[in-house]
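K.L.:
structure for the following, please:
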Amino acid sequence: MHSAPFYYRLTEGIRITVRPTFLPERSNPGAQQYVFAYAVRIENVGERRAQLRSRRWLIHDSSGEGTVVEGEGVVGEQPTLARGQAHEYQSFYVLKSPSGFMEGEYFFLREDGTAFAATIPRFLLEIHGAPGPLP
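P.N.:
A predicted model of the protein is given here:
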């Protein structure tokens, strides 16, 4: 078994790491359903506290179809992270093709009222050995 790749990006003291995994046991290629899980770690490596308020995901599959998903927090939570603290969660997405990619932003608010967006790195969703889209 090969280890899943991981992707990370640092923005404004917030480091976001994503590790996607294809779930063949949950997928149904005959029905164009390819299930990908992804584990996310959001870590404050900066000096100032910040609260994750909302998210915006851009999801693309290899057929060229794109989807935007926006919402409050992550999996129903809006964690506040002090220096050195991290929040981890897992989620999944069902693509209509065997490969694609996701990227986006988490929107944070600092205690002084300043807002900023932390970049979610573009990460590939692909069946191991299948050709993926060009990022």
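
K.L.:
need the contact list for the most far-flung residue of the chain relative to its centre.
P.N.:
In the chain, the greatest distance from the average C-alpha position (C-alpha atoms, centre = their mean) is reached by Asp112, at 26.7 Å. If a contact means C-beta atoms under 8 Å, 6 or more residues apart in numbering, then Asp112 has no contacts. Just so you know, the C-beta spots here come from the backbone N, C-alpha and C atoms, and that holds for glycine as well.

K.L.:
tell me the confidence at it?
P.N.:
On the pLDDT scale, Asp112 is placed at 96.

K.L.:
residues near Glu125, how many?
P.N.:
I think there's a mix-up here, since residue 125 is Leu and not Glu. 26 (other C-beta atoms under 10 Å).

K.L.:
that one and Pro20 touch, don't they?
P.N.:
Yes - Leu125 lies in contact with Pro20 (C-beta atoms under 8 Å); the separation is 5.5 Å.

K.L.:
what is in contact with the two at once?
P.N.:
Joint contacts of Leu125 and Pro20 (C-beta under 8 Å, 6+ apart) are Phe36, Tyr38, Met102.

K.L.:
would you mind giving the secondary structure of Met25?
P.N.:
Small correction: residue 25 is Glu, not Met. Look at Glu25: counting by DSSP: H, G, I helix; E, B strand; the rest coil, its state is helix.

K.L.:
let the chain start at 49 from now.
P.N.:
Okay, using 49 as the starting number, the last item reads as Glu73.

K.L.:
and it, how far from Gly112?
P.N.:
Separation of Glu73 from Gly112 (C-beta to C-beta, to the nearest Å) stands at 27 Å.

K.L.:
neighbour count winner among these two?
P.N.:
Gly112 (9 against 6).

K.L.:
sec struct for that one, please.
P.N.:
Counting by three-state DSSP, the backbone at Gly112 sits in coil.

K.L.:
ok, now which ones touch it?
P.N.:
Taking C-beta under 8 Å, 6+ apart as the contact definition, Gly112 lies against nothing.

K.L.:
phi, psi of it?
P.N.:
Gly112 adopts backbone torsions of phi 100, psi 0, taken as degrees, to the nearest 10.
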